[in-house]
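>>> Quick one, structure for this:
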Amino acid sequence: MHVLLEWADRWIRDMCSLRALCSGLPLRPLPENRGRCAGVPHAPVRTPGLSPTEEQLALRNALRYFPPDVQEQLAPEFAQELRLYGHIYMYRFCPNLEMKAYPVEQYPCRTKAAAAIMHMIMNNLDPAVAQFPQELVTYGGNGQVFSNWAQFWLTMSYLSQMTEEQTLVMYSGHPLGLFPSSPGAPRLVITNGMVIPNYSSRIEYEKLFAMGVTMYGQMTAGSYCYIGPQGIVHGTVLTVLNAGRRYLGVEDLAGKVFVTSGLGGMSGAQAKAAVIVGCIGVIAEVDGAALRKRYQQGWLMEVTNSLDHCIERLREARKRKEALSLGYHGNVVDLWERLVHELDTTGELLVDLGSDQTSCHNPFNGGYYPVQLGFAEAQSLMASDPAAFKGLVQESLRRHVSAINRLAQGNFFFWDYGNAFLLEAHRAGADVGKPGASKMEFRYPSYVQHIMGDIFSQGFGPFRWVCTSGDPQDLAVTDHLATSVLEEAISGGVNPAVKLQYMDNIRWIREAAKHQLVVGSQARILYSDQKGRVAIAVAFNQAIARGEIKAPVVLSRDHHDVSGTDSPFRETSNIHDGSAFCADMAVQNFVGDAFRGATWVALHNGGGVGWGEVINGGFGLVLDGTEEAEQKARMMLSWDVSNGVARRCWSGNRKAYEIICQTMQENSGLVVTLPHEDLRCDAWKHSNPTVTMWTMVA
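The predicted structure follows:
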């Protein structure tokens, strides 16, 4: 009885807090200004270089959310935030409640869709999930959910009021308002960073963000679809498994060593992924808070700040072929150079596979730390002398690459993880050139070019779901349903390449349940093709209708997928018909998902590889057990995948051609223009991108 009363009291308290959160900006009285909390990590200080006129504009833009009678009190503190941190976050309005994804029925909303969106927003800002929660950064150093806390309060208020005949429009974190719409339209439309191309530079971005007029939403931060590092754990598991197959010719990675860096919001996944695939993962991280967070969550098995111990432990694990995740608290350049020293002095190559997951899309503002300085010293220089800091970062990148190049003379394989590492190293003058290569190619391949590209071309990508009840039992039901769907597909007969992907994902689902991968919302991810996604969605929706799943399920995906992203240095780096720098696919994905039933859609500039380097589109779809939800899932998920497969087919990819032809045969409503028969042979004589590709002929 005592436990029941305690639960009821907590439920009432949470409900009251959420009702207050949905009542609009707290103004009378104003909440206490507690400033920055000491107990959480904070975003690096920004140096936007605003002129006095631009500073005044930034202040006016922040104050316009507030009535005149409180502006006089808020203006000085907002001006101080701008001077101290390079942005007005409005710390006074950071909510004084436990930020997490609450069970969906607790949100005081008029529609299920709005409550589900609130659930997702608060998950993105959960301190257990978010990288810098008080600065509204979910991951990647600058992946914002909103630009400031006023936007958060207003968005939650709008969502609580929204009906099935309204759509909330978001301009780079700014809630423009609720507009008349139809029940079949998206309830939410998000755009982030849609800056005119000639002005989409890093320097301009820093100014525009500081002025509060645009925002870098990364991929799933600003579209409210992040599910914690589990999402990238799964992608990393598949990447390392397939790297072993391609580069080492092995299925079993026991005793193999994978060295990389980064233990932040996304990169933190690498430690867990290494253990799941059975290899030895050594991950360097300069930020002690990030390293401790992963260790406390059980994602890192061991930590050390000693290179001697690191090398000793690595040797021991190789000999025993034990699965290990070892966090090195230090700079990865020191680690790479020590591995070179071991090779040169003992002749022993201690590493088999390598990559990097620092946030090199943001290298000069906290995404990459130079080896010459300690962490605190680097943060100080970053704010006081950005030009000097940039010089040290570029010198560090050159050393970084030099060490990798030495190791690669042996049986060691390195790939770019799509974090703009090689791009920034190239800009820094590092030796990453490749003779006769295009401007998209470097000495080492992107993981899309060599490892994941064919998987995307077959229509496989990161399909995700969130159980909005918050009940782990609902997640267990969805795990079982998803596994059963894939097993049934295999038993019905699929080609060997598709079967391999299904088997990898069945293995993943089983391992995920064992490894306690949920951080924040009750969510799961797997890579699936069009058939699998539709079948899984239908199975979930029917289970909700039967009451086997207690609340709606939100479907989404990483924008890093088959058709969501146009990114020439990552997602579309294996597109060789000259269209890799075109963004039609991502925009068509966003628009097409919107009118085929998505609950919300998002279109972003930037994400993964950096501002101005990529356009990506994403969606959220709420399954509530109705026939309408099933119809929307069938229609929208089919387009969401086939759009990208068809584009890859036209770029000369044989696997994509075969998949789209098969889909056309199975779906009488699908008619796609295909390359002429006489061009296909020439187009597919190679899998080597250095061979000249065919030209599209009408």
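
>>> Tell me which stretches of the stretch 251-400 of the chain form helices.
Using DSSP state H, counting those that start in this stretch, the helices of the stretch 251-400 of the chain run over residues 269-277, 288-296, 307-320, 332-346, 375-384, 386-407.

>>> again with the stretch 401-550 of the chain
421-427, 447, 453-457, 472-491, 496-514, 530-546.

>>> for the stretch 1-150 of the chain, same thing?
2-21, 52-63, 68-85, 112-124, 149-161.

>>> Which element is encountered next along the chain beyond the biggest helix by length in the chain?
Ranked by number of residues, the top helix in the chain under DSSP state H is helix 627-650. Once the chain leaves helix 627-650, the next helix or strand it forms, by DSSP states H and E, is helix 654-666.

>>> Okay, now the sheet partners of the longest strand along the chain, with direction.
What stands out as the longest strand in the chain, according to DSSP state E, is strand 615-623. Note on strand 615-623: by DSSP bridges, its sheet partners are strand 553-557 (antiparallel), strand 565-566 (antiparallel), strand 600-605 (antiparallel).

>>> Distance from the chain centre to stretch 352-367, please.
14 Å (Cα atoms, centre = their mean, to the nearest Å).

>>> Send me that stretch as PDB with only the CA atoms.
Written as PDB, here are the backbone C-alpha positions of stretch 352-367 (Å, rounded to 0.1, in the frame of the first residue of the first chain):
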ATOM      1  CA  ASP A 352      43.600  -3.800 -36.800                       C
ATOM      2  CA  LEU A 353      40.900  -1.300 -37.400                       C
ATOM      3  CA  GLY A 354      40.600   2.400 -36.800                       C
ATOM      4  CA  SER A 355      38.400   5.500 -37.200                       C
ATOM      5  CA  ASP A 356      37.500   8.700 -35.400                       C
ATOM      6  CA  GLN A 357      34.200  10.100 -34.100                       C
ATOM      7  CA  THR A 358      35.200  13.500 -32.700                       C
ATOM      8  CA  SER A 359      32.800  16.200 -33.900                       C
ATOM      9  CA  CYS A 360      35.000  17.400 -36.700                       C
ATOM     10  CA  HIS A 361      32.100  19.100 -38.300                       C
ATOM     11  CA  ASN A 362      32.700  21.700 -35.500                       C
ATOM     12  CA  PRO A 363      36.500  21.500 -35.200                       C
ATOM     13  CA  PHE A 364      37.200  25.000 -33.800                       C
ATOM     14  CA  ASN A 365      34.500  25.300 -31.200                       C
ATOM     15  CA  GLY A 366      34.800  22.200 -29.100                       C
ATOM     16  CA  GLY A 367      34.400  19.400 -31.600                       C
END
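
>>> Glu302: what's its closest spatial neighbour, skipping adjacent residues?
Nearest non-adjacent residue to Glu302, counting by Cβ to Cβ, 6 or more residues apart in numbering: Leu326, 5.0 Å away. All C-beta atoms are positioned from the backbone trio N, CA, C, and that covers glycine.

>>> can you tell me which residues contact the one you found?
If a contact means Cβ atoms under 8 Å, 6 or more residues apart in numbering, then Leu326 has 280-283, 300-304, 310, 313-314, 317 as its contacts.

>>> I am finished for the moment; much appreciated.
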